[in-house]
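Asks: Got a predicted structure plus its sequence, pasted below:
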Amino acid sequence: MRILLGLYLALALCACGGSQRQAPATDAPDAAVAWPTPVGAVGLQRDQRRSDGPLLDVGIAIFDPGIPDDASTHSKLGIFPEIRRVEAQYMPVRLRETLVESNAWGPVRVLPEPNDTTVLLITGRIEYSDGLRLVLALKAVDVTGRVWLDRVYQDQSREADYPVPLGGDPYQHLYNQFANDLLAARNALAPQVLRRIPAVAKLRYAESLSPEAFAGFLATDEQGLLTAVRLPADEDPMMARVQRIQNQEYLFIDTVDEQYLQLSQEMGPTYDLWRQYGREQAIYKEDYQRRLAARDSQGRRGTFPAMQQTYNAFKWTKIQQQDLHELAVGFDNEVAPTVLEASGKVFRLNGTLDNQYAQWRDILKQIFALETGLPGS
Amino acid sequence: MVFPRFILLSVITLALALLGACGGGEQVRKAQPIPVGKVDMVDFSGSWEMDYSKSDNIQARLNSMVRELQRQAERRAQRGGNERGAGTIAVGNSNTGATVIGLAQMADMITQSPLLEIEQSDNDIRVKREENFALTCEFFDDKQMVLENPLGTETCGWVGHQLLFRILLPEGLSIQHVLTRSPTGEQMSIATTVVSDRVTTPFTLNRVYRRFEPGSSGYTCEVTLSKGRVCTTEAQ
């Protein structure tokens, strides 16, 4: 009889048992499994051998913000599109400063859009970004088509990274790692290979202005890389014009570049606060879920104390998420006028800047065509 | 915690119920899709205050639920040919005094916000509730929004001119809010249904809100990160 009663109770407990879900140990996004390990503490290597080869010009295109087209996924992925778009402009400036500090390169410019005539072009995509971790996919390709680097970098911030000191960045180690890798990639190339790259860039630019006049100077080798098969004379007046037009383009880019720098300096303190709050919230959420998984129920299932406990756990998570949303709005309230102000003064920094860049290049091509009497590209 | 008198009375009523065989079982813990038909989006935006005179009386709702549970018990007894069980509303661990009263208390607690501030655009809605989290929903191509986290699953979407929010929580608890606006736009009701796998009947509480214009303060405020809440006396 006792056995039967025991069996009955066991069956009854199974039938009436709960279905409480287990909280995961961490709040890391699903894509985290595909990311590399964080870069850790990385110092910046400075180039000590500047005379060995030419100082290559570097262009860093504004990053792809990595915002999915399907807007219905943004909330789930924790993406605040406005912040991502600003980050896509801010991070290239941080990377530019790091590359300049490495003392290994010629002019390093932030470009409104990728330009295939750039000596060494860096493009990037923001895979993930919050106050706790940053994941960037970065690629460096020179004008000949040689891929120097194509890697995904992850960095995690530490408590000591906040508050962010003036001029600092919680993810500076990531930028340092990339700069070191880029330097290593450059050092792996023979000096004569490096010396050929600027010449190809110049011809590539000339070809973009007038394909007809500069046809036959460049060819693709067996590796699929662009090479100069012949070079114009040093005093070639056509090349002098090309150089003058290119200087005009640099003037535009440098003006735009100053705008990016100004934006970066103005939004920096606010952005650092946003990331600090984001980190605190992410850590709080992870701790809270751990505590929750280990808690004891306050009452029998279905009773008011038990239901209240369940509801409140959800409620505080939602309030935490909504606080972050409010912060994002607060961030927008401060950054938006800066963007508009910059827009009002000289250029539009959102979207239309790349159009203006394209328009400017078209104008330069027309000037070149008028001066030379050659058809433009 | 101090229980209102009606709850104590109900507890006494329910305490008379006898325990029966376990028949409640586990409810399916999967988000049920919201049936999407013809969407007729309604503008809920604005400030709303609760109209207590038109909102449900929780005691009346509780009595109604107890009567329903008694009817269920009678049907159960008739099916089983057990005359003695006719007055029994408890079914195993379900429908006990604590679980029935608990459901009513939950509905009362969840719907207490006297003031609502609703922001709505073509793509989303944010129902800010005093002393509670905001109900939020994004509308994209008439798809229902589903948000999951370890502590619960939210589903929302339009059903005709009504806006539905469903929250599926652990331990057999789920909550549904249905927002309906009056044709004049001056009133709105939120019907909140709380379901527990320990009570065989859901508990629904209807709260009615009326629109009000918040007094003009002569200043506007916005949240900023570095300066916190910043208010200016600029014209709105």
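Replies: Right, received. Where do you want to start?

Asks: When you work out contacts or count neighbours from here on, use the C-alpha atoms and nothing else.
Replies: Will do.

Asks: Just give me the neighbour total for residue B:79.
Replies: Per other CA atoms under 10 Å in any protein chain shown, the neighbour tally for residue B:79 reads 10.

Asks: So for residue B:183, what pLDDT did the model give?
Replies: Per-residue confidence at residue B:183 stands at 94 (pLDDT).

Asks: And residue B:215, by the same measure?
Replies: Looking at residue B:215, the pLDDT reads 63.

Asks: Likewise for the one 3 residues further on?
Replies: Residue B:218 is assigned a predicted lDDT (pLDDT) of 66.

Asks: Same question for the one 3 residues further on.
Replies: In this model, residue B:221 is scored at 69, pLDDT.

Asks: What of residue B:202?
Replies: For residue B:202, pLDDT reads 95.

Asks: Now for the closest residue to it other than its chain neighbours: which residues touch it?
Replies: Using CA to CA, 6 or more residues apart in numbering or on different chains and skipping residues adjacent in sequence, the residue nearest residue B:202 is residue B:195, 4.7 Å away. Each residue near residue B:195 by CA atoms under 8 Å, 6 or more residues apart in numbering or on different chains is listed here: B:103, B:172, B:173, B:174, B:175, B:201, B:202, B:203.

Asks: Most neighbours among these, which one?
Replies: Neighbour counts for those peak at residue B:103, which has 30 neighbours (criterion: other CA under 10 Å).

Asks: Spit out the contact partners of it.
Replies: A:302, A:303, A:304, B:194, B:195, B:196, B:199, B:203.

Asks: neighbouring strands for the helix or strand hosting residue B:178, and are they parallel or not?
Replies: Taking DSSP states H and E as the criterion, residue B:178 maps to strand B:173-181. Counting by DSSP bridges, the strands paired with strand B:173-181 are strand B:162-169 (antiparallel), strand B:187-196 (antiparallel).

Asks: want to try TSV for these, with mean pLDDT as columns?
Replies: Putting the strands paired with strand B:173-181 into TSV (pLDDT from 0 to 100) gives the following:
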stretch	mean pLDDT
strand B:162-169	95
strand B:187-196	97
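
Asks: looking at those, which is closest to residue B:49?
Replies: For the strands paired with strand B:173-181, the distance to residue B:49 is smallest for strand B:187-196, at 9.5 Å, taking CA to CA.

Asks: just how off-centre is the closest one within its chain?
Replies: Computed by CA atoms, centre = their mean, to the nearest Å, the separation of strand B:187-196 from the middle of its chain amounts to 4 Å.

Asks: which of the residues in that strand are buried?
Replies: Neighbour-count burial for strand B:187-196, counted by 16 or more other CA atoms under 10 Å in any protein chain shown, picks out B:187, B:188, B:189, B:190, B:191, B:192, B:193, B:194, B:195, B:196.

Asks: Now do the contacts for the fifth one.
Replies: Yep, that's residue B:191 we're talking about. With contact set as CA under 8 Å, 6+ apart, residue B:191 has these partners: B:176, B:177, B:178, B:179, B:204, B:205, B:206, B:207.

Asks: where's it relative to chain A, distance?
Replies: 18 Å (CA to the nearest CA, to the nearest Å).

Asks: any low-confidence regions in the stretch 51-200 of chain A?
Replies: Applying pLDDT under 70 to the stretch 51-200 of chain A flags residues A:51-52.

Asks: For the stretch 101-250 of chain A, just list every one of the strands.
Replies: A:108-111, A:120-129, A:133-142, A:147-156, A:218-220, A:226-228 (DSSP state E, counting those that start in this stretch).

Asks: now for those strands, which one comes closest to chain B?
Replies: Minimum separation from chain B across the strands of the stretch 101-250 of chain A (CA to the nearest CA) falls at strand A:120-129, 18.0 Å.

Asks: could I have that closest one exported to PDB, CA atoms only?
Replies: The C-alpha trace of strand A:120-129 is given here as PDB (Å, rounded to 0.1, in the frame of the first residue of the first chain):
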ATOM      1  CA  LEU A 120      46.200  51.300 -48.200                       C
ATOM      2  CA  LEU A 121      42.500  51.100 -47.500                       C
ATOM      3  CA  ILE A 122      41.000  49.900 -44.200                       C
ATOM      4  CA  THR A 123      37.400  49.000 -44.000                       C
ATOM      5  CA  GLY A 124      35.500  47.800 -41.000                       C
ATOM      6  CA  ARG A 125      32.200  46.500 -39.700                       C
ATOM      7  CA  ILE A 126      30.900  46.700 -36.200                       C
ATOM      8  CA  GLU A 127      29.800  43.200 -35.300                       C
ATOM      9  CA  TYR A 128      29.000  44.000 -31.700                       C
ATOM     10  CA  SER A 129      29.400  47.000 -29.400                       C
END
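
Asks: Show me where chain B has its helices.
Replies: B:5-15, B:58-80, B:97-110 (DSSP state H).

Asks: Present those helices as JSON lines; the columns should include mean pLDDT.
Replies: Converted to JSON lines, those look like this (pLDDT from 0 to 100):
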{"stretch": "helix B:5-15", "mean pLDDT": "42"}
{"stretch": "helix B:58-80", "mean pLDDT": "87"}
{"stretch": "helix B:97-110", "mean pLDDT": "94"}
